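Q: make a model of this:
(one chain, ligands or ions: 1)
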Amino acid sequence: MTKSDIDKGRKLFSQPCKFLLSAPTSEGFPASSLPEVAFIGRSNAGKSSLINALTHRKDLARTSNTPGRTQHIVFFDLGDRLMLADLPGYGHADAPRQEKERWNELVHHYLQTRPTLRCVCLLLDARHGILAKDLVMMQFLDRAACSYKLVLTKADQIHATEQGVKQTQTEAALGQHPAARPGVLITSSKKAEGIEELRAFLAGFAAEA
Ligand code: GDP
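A: Prediction:
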């Protein structure tokens, strides 16, 4: 990643990021021609914290201690150049079957049909890497030919030497996943690490200023 990429990411994310709408069903998805990137991960993977860190906000995406509660897709407009879609988390074991089915319908429909979607950031807690339910998500994205990037979160929770190991281990799995983009990013929202790199990566999808 070059300095110019980092500058582009920094500039993009210095734009105002506006909450657009929260869609409980696919009928509520906004019509938009802007390129879009989505964020998904297990409940508690650190998705809300990461969106907040990226956008310099404390409260744009609501962090929650009740995994599996948010069943909406929330859309944000970043400087009229890039749409961000915050997808509800998966993997909450206690969720009732009806809730899981609703999740599947909402999220699968979004991933399979959203015409402006350019890339999904699939977040993984760096302590755990790819867990069974993440693998299911990756296989779904592969089948849907939906381009995705793996992003490790909460890097501060593991030792610096272990961070590189986790990154390499996760990267080793990518060969079996045709829709996965090369490379794995590692971030810490708490320590603001890897955030500039993720901004630079995402800026690659934004509409020209
Ligand atoms: P979400 O359910 O995926 O949106 O996850 P949240 O952003 O709500 O985070 C879940 C929990 O992990 C919260 O207690 C956060 O404070 C914590 N968390 C999120 N990101 C980080 C991080 O980078 N480092 C640490 N140490 N904790 C984090």
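
Q: C-alpha only now, for contacts and for neighbours.
A: Noted.

Q: for this protein, which residues are neighbours of the ligand?
A: On the criterion C-alpha under 6 Å from any ligand atom, the ligand has as its neighbours in the chain the residues 43-49, 63-64, 67, 153-154, 156-157, 188-190.

Q: ranges for the strands of this structure?
A: Assigned strands in the chain, in chain order: 17-23, 36-41, 73-78, 82-86, 117-125, 148-153, 180-186 (criterion: DSSP state E).

Q: any idea which residue is closest to the centre of this protein?
A: When the chain is reduced to its mean C-alpha position, the closest residue under C-alpha atoms, centre = their mean turns out to be Phe39, at 2.1 Å.

Q: in this structure it contacts Leu124, no?
A: No - under the criterion of C-alpha atoms under 8 Å, Phe39 makes no contact with Leu124, lying 11.0 Å away.

Q: ok, how many other residues are close to Leu131?
A: Burial measure for Leu131: 12 neighbouring residues, criterion other C-alpha atoms under 10 Å.

Q: and it, what are its phi and psi?
A: For Leu131, the backbone dihedrals are phi -100, psi 170 (criterion: degrees, to the nearest 10).

Q: make JSON lines from the strands of the chain and add mean pLDDT to it.
A: Formatted as JSON lines, the entries for the strands of the chain read as follows, by pLDDT from 0 to 100:
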{"stretch": "strand 17-23", "mean pLDDT": "94"}
{"stretch": "strand 36-41", "mean pLDDT": "98"}
{"stretch": "strand 73-78", "mean pLDDT": "96"}
{"stretch": "strand 82-86", "mean pLDDT": "97"}
{"stretch": "strand 117-125", "mean pLDDT": "98"}
{"stretch": "strand 148-153", "mean pLDDT": "98"}
{"stretch": "strand 180-186", "mean pLDDT": "98"}
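
Q: what is the burial count for the closest residue to Leu87 other than its chain neighbours?
A: Here the nearest residue to Leu87 in space, its sequence neighbours aside, is Ile73; by C-alpha to C-alpha, 6 or more residues apart in numbering that works out to 4.8 Å. Other residues near Ile73 number 23, with proximity taken as other C-alpha under 10 Å.

Q: please apply the same query to His109.
A: Residues near His109, counting by other C-alpha under 10 Å, number 13.
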